[in-house]
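1. Just to be clear, the model below is a prediction. Sequence and coordinates:
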Number of protein chains: 2
Amino acid sequence: MRPVMLGIDIGGTNTAYGFVDEDGGIVYSGDIPTLAEEGAEKLLERLADVTSKGMAKLGDEVQLCGVGIGAPNGNYYTGNIENPPNLGWPTVPFARMMSKKLSLPVAITNDANATAIGEKYFGAARDMENFVVITLGTGLGSGIYVNNELVYGEDGFAGELGHTCVQVKGRDCACGNQGCLETYVSATGLKRTAFELLARRTGKSPLREKTFNSLSGQQIAEFALAGDTIAREAFQITGEYLGVALANAAAFSRPEAFILFGGMAAAGELIVNPTYLAMERHLLAVYRGKINIITSALPGSSAAVLGAAALAWNEAKNTGEANSGL
Amino acid sequence: MRPVMLGIDIGGTNTAYGFVDEDGGIVYSGDIPTLAEEGAEKLLERLADVTSKGMAKLGDEVQLCGVGIGAPNGNYYTGNIENPPNLGWPTVPFARMMSKKLSLPVAITNDANATAIGEKYFGAARDMENFVVITLGTGLGSGIYVNNELVYGEDGFAGELGHTCVQVKGRDCACGNQGCLETYVSATGLKRTAFELLARRTGKSPLREKTFNSLSGQQIAEFALAGDTIAREAFQITGEYLGVALANAAAFSRPEAFILFGGMAAAGELIVNPTYLAMERHLLAVYRGKINIITSALPGSSAAVLGAAALAWNEAKNTGEANSGL
């Protein structure tokens, strides 16, 4: 029997799950609508349901040893999902509830941390002890490894580089502050920069035909690749902000590499090149030429589930329960 | 026989040393001129000399078990002092040389890291696993604990918050970059801010009688305490920059506390109050009201030696050599 972990990624719309073996092989997977409005208890029941079905289908082939969950505001220390912004729940002791339901150890953390653990176990960071994963989506998340351990800080909520201030009295952020990194570096930040440039520049651009609400980061990338100068400048500026932020993070923990993950990371050189140049320019001389910026080595579609499963594998390793088959 | 460690703090002008027991008691101490121009080998010989004298004087009362050194650009991993800015040396394998000379284990790190280890062993951070020490002198140094370990990063030079960028295209820094935290937050940064204010404001101030070169941070503090509005505003602005930087560091590792150390920390509320207010304003809501800013609990005059000795005690603890009396 092959030991596997159940990885679950709870998103605002869909919840993905998969049974993942120790090498990152996905044995069985699927997704269900989150239906957050029905409450956490209902989601739990439906997850238990698909888990049973999966186990029934796989039969004696596998042994399910534990569960890892990536969720917005998932707190590793408490096992709670704490006032999740997209789910509209109060604080819910999700890990404990699930552990009771399945009689298995359950660990939880937020999405960006789960992604970092995924990179460590199955992705680009397998041989790294010090690295930082930056997840670029609607916002900017981060997961940080220092001395071969994920940084949770005093209360489980460390690693929020999206809310470091990169511009005093800068753009309004949903968190209530101003000038946060994610207001400049994220799909939304890129769009805000593009619109700022539409105001500042006079040149023609297909961006002038787009509404703010309809425009996606993906479209800006396409315009940039097709040669639109405003779209290109938007990426340039975004990369410069990210580069400064990475240089600042480097002064903190001197990682081996920064790993970019998510939609905007898929833009590749468009974002990586200006980021790298700005980072190098702002790095302390002693770090220069020594820190890589790479893109994720996890398959985009299943990265979140792999990350969540890696959390469970990491727990098993730390507690030594993997071998005892708990 | 009481086991002790020799703590050595190599400075540009003086080198202080002391035999320190496990409780931070200083059994014997002194200092010698560094005379960097004579080279590292000579300093080593003179240090070996005073060590022998100390041992002779203490006799069987103590057993010297190891050496810890705090030095500019001291690299924990390599044991080298690497191109130390104030000493004018090339890279010197100081730990190895000293270890050979004294036949004792020798560890080295930079001054700010040694201070952080000192706070952990003998100061304000005894019960903390996650904290950041900020040393405020001519420049700004930092030593960071994450998960109960000092953060050295990939190559021993992590923890340089003084060179995080807090103002894009801001003040010139000696490191070659612009806008580094230490150009705003340090004795020199405070002075630069005071001079900027002398240009911006019109009010009377005793600061208008001072040359840039003759003015000290201590004097600005005295003027501020005596009610001078420009001096007070200089502290206010300095604290605001520091507060933003601490909020950014909090988003990285969510420490229990920031510990301020050094000359400017002695200004107490003058610097702590505006720093705390700015930090709170810039913190992510989930961290607010939970992170302290405190001043060092190490005695200023012997803090550097205590920190260096704490490094040696930490090594002994990690390698289990303390008990074997190596």
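-> Cool, got the structure.
2. Give me the most central residue, chain A.
-> Centroid-nearest residue in chain A: residue A:112, 3.0 Å away (criterion: CA atoms, centre = their mean).
3. Can you give me every residue that contacts residue A:157?
-> Residues near residue A:157 by CB atoms under 8 Å, 6 or more residues apart in numbering or on different chains: A:75, B:254, B:284, B:286-287. (Glycine included, C-beta is placed from N, CA and C.)
4. how does it look with 7 Å?
-> When contacts are counted by CB atoms under 7 Å, 6 or more residues apart in numbering or on different chains, residue A:157 touches A:75, B:254, B:286.
5. Ranking by neighbours, what's the top pick from these?
-> residue B:254 (25 neighbours; other CB atoms under 10 Å in any protein chain shown).
6. counting contacts, what elements does the helix or strand harbouring residue A:132 pack onto?
-> Assigned by DSSP states H and E, residue A:132 falls within strand A:131-136. Strand A:131-136 is packed against helix A:111-122, strand A:140-146, strand A:257-261, with contacts defined by 3 or more CB pairs under 7 Å, 6 or more residues apart in numbering or on different chains; DSSP states H and E.
7. any idea of the mean pLDDT for it?
-> Average pLDDT, strand A:131-136: 96.
8. Given that strand, what are its sheet partners and their directions?
-> Here strand A:131-136 has these sheet partners by DSSP bridges: strand A:140-146 (antiparallel), strand A:257-261 (parallel).
9. Same list (these) but as a markdown table, adding mean pLDDT and mean neighbour count.
-> Compiled in a markdown table, those are given as follows (pLDDT from 0 to 100; neighbours: other CB atoms under 10 Å in any protein chain shown):
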| stretch | mean pLDDT | mean neighbour count |
| --- | --- | --- |
| strand A:140-146 | 97 | 27 |
| strand A:257-261 | 97 | 25 |
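10. Same list, the ones you listed, but as CSV with distance to residue B:87 please.
-> Listed next are the strands paired with strand A:131-136 as CSV, based on distance: least, CB to CB, whole Å:
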stretch, distance to residue B:87
strand A:140-146, 30
strand A:257-261, 32
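11. and residue A:154, what is it in contact with?
-> Here residue A:154 is in contact with B:130, B:254-256 (criterion: CB under 7 Å, 6+ apart).
12. Residue numbers of the stretch 101-250 of chain A in contact with chain B?
-> A:130, A:144, A:146-147, A:149, A:151, A:153-155, A:157-158, A:160-161, A:163-165, A:168, A:175-177, A:244, A:247-249 (CB under 7 Å from any CB of the partner chain).
13. quick one: which of these sit in helices?
-> Of the positions in these, A:244, A:247-249 sit in helices, assigned by DSSP state H.
14. Quick one: residues contacting residue A:32.
-> Residue A:32 touches A:15, A:46, A:50, counting by CB under 7 Å, 6+ apart.
15. let me redo that: residue A:188
-> By CB under 7 Å, 6+ apart, residue A:188 lies in contact with residue A:138.
16. let's see 10 Å
-> A:137-140, A:171, A:174, A:182, A:212, A:215-217 (CB atoms under 10 Å, 6 or more residues apart in numbering or on different chains).
17. Quick one: buried ones out of the residues of the stretch 101-250 of chain A next to chain B?
-> A:130, A:144, A:146-147, A:149, A:151, A:153-155, A:157-158, A:160-161, A:163-165, A:175, A:177, A:244, A:247-249 (16 or more other CB atoms under 10 Å in any protein chain shown).
18. What segments of the stretch 101-250 of chain A are strands?
-> Along the stretch 101-250 of chain A, the segments classed as strands by DSSP state E, counting those that start in this stretch run A:106-109, A:131-136, A:140-146, A:149-150.
19. Could you check the angle the second one makes with helix A:111-122?
-> For strand A:131-136 against helix A:111-122, the angle by axes from the mean of the first three to the mean of the last three CA atoms, to 10 degrees is 130 degrees.
20. Just give me how far strand A:131-136 sits from the chain centre.
-> Taking CA atoms, centre = their mean, to the nearest Å, one finds the center of strand A:131-136 at 7 Å from the center of the full chain.
21. what's around the nearest residue to residue A:197 once chain neighbours are set aside, how many residues?
-> Distances taken as CB to CB, 6 or more residues apart in numbering or on different chains place residue A:230 nearest to residue A:197, at 4.9 Å, with adjacent residues excluded. By the criterion of other CB under 10 Å, residue A:230 has 23 neighbours.
22. tell me the contacts of residue A:230?
-> Neighbours of residue A:230 in contact, by CB under 10 Å, 6+ apart: A:193-198, A:200-201, A:203-208, A:220, A:223-224.
23. From those residues, keep the buried residues only.
-> Neighbour-count burial (16+ other CB under 10 Å) is assigned, among these, to A:193-195, A:197-198, A:205, A:207, A:220, A:223-224.
24. In helices, which of those appear?
-> Counting by DSSP H, the buried ones among the contacts of residue A:230 place A:193-195, A:197-198, A:220, A:223-224 in helices.
25. Quick check: the residue of the stretch 101-250 of chain A nearest chain B.
-> residue A:153 (2.6 Å; CB to the nearest CB).
26. Find the nearest non-adjacent residue to that residue, please.
-> residue B:254 (2.6 Å).
27. per-residue confidence for the residue in chain A sticking out farthest from the centre?
-> Outermost residue of chain A with respect to the C-alpha centroid, by CA atoms, centre = their mean, is residue A:202; its distance is 36.3 Å. Per-residue confidence (pLDDT) for residue A:202: 96.
28. Can you give me the distance of it to residue A:229?
-> Separation of residue A:202 from residue A:229 (CB to CB, to the nearest Å): 11 Å.
29. And for residue A:138?
-> 25 Å.
30. Surely residue A:1 is in contact with residue A:60?
-> Yes - under the criterion of CB atoms under 10 Å, residue A:1 makes contact with residue A:60 at 6.1 Å.
31. The two: who's more crowded?
-> Shown here are residue A:1 and residue A:60; by other CB under 10 Å, residue A:1 has more neighbours (11 against 7).
32. residue contacts, the more buried one?
-> Contact analysis of residue A:1 by CB under 10 Å, 6+ apart lists A:58-64, A:325.
33. next one: residue A:307
-> A:7, A:9, A:20, A:68, A:70, A:109, A:111-123, A:133, A:135, A:143, A:261, A:298.
34. which stretches of chain A have low pLDDT?
-> Along chain A, segments meeting pLDDT under 70 span A:320-326.
35. Okay, domains of it per the record?
-> A:2-117+A:301-324, A:127-295 (automatic domain parsing).
36. thinking again about what came up before, of all the strands of the stretch 101-250 of chain A, which one is nearest residue B:265?
-> strand A:140-146 (25.5 Å; CB to CB).
37. Pull the CA coordinates from the closest one and hand them back as PDB.
-> What follows is strand A:140-146, C-alpha atoms only, in PDB (Å, rounded to 0.1, in the frame of the first residue of the first chain):
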ATOM      1  CA  LEU A 140       0.500  39.200  -3.700                       C
ATOM      2  CA  GLY A 141       1.200  36.400  -1.200                       C
ATOM      3  CA  SER A 142       4.500  35.100   0.200                       C
ATOM      4  CA  GLY A 143       5.900  32.000   1.800                       C
ATOM      5  CA  ILE A 144       9.300  32.200   3.400                       C
ATOM      6  CA  TYR A 145      11.800  29.500   4.300                       C
ATOM      7  CA  VAL A 146      14.600  30.300   6.700                       C
END
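38. okay, now the nearest residue to residue A:219 once chain neighbours are set aside: neighbour count?
-> Leaving out its chain neighbours, the residue that sits closest to residue A:219 by CB to CB, 6+ apart is residue A:210, at 7.1 Å. Residues lying near residue A:210 (other CB under 10 Å) number 18.
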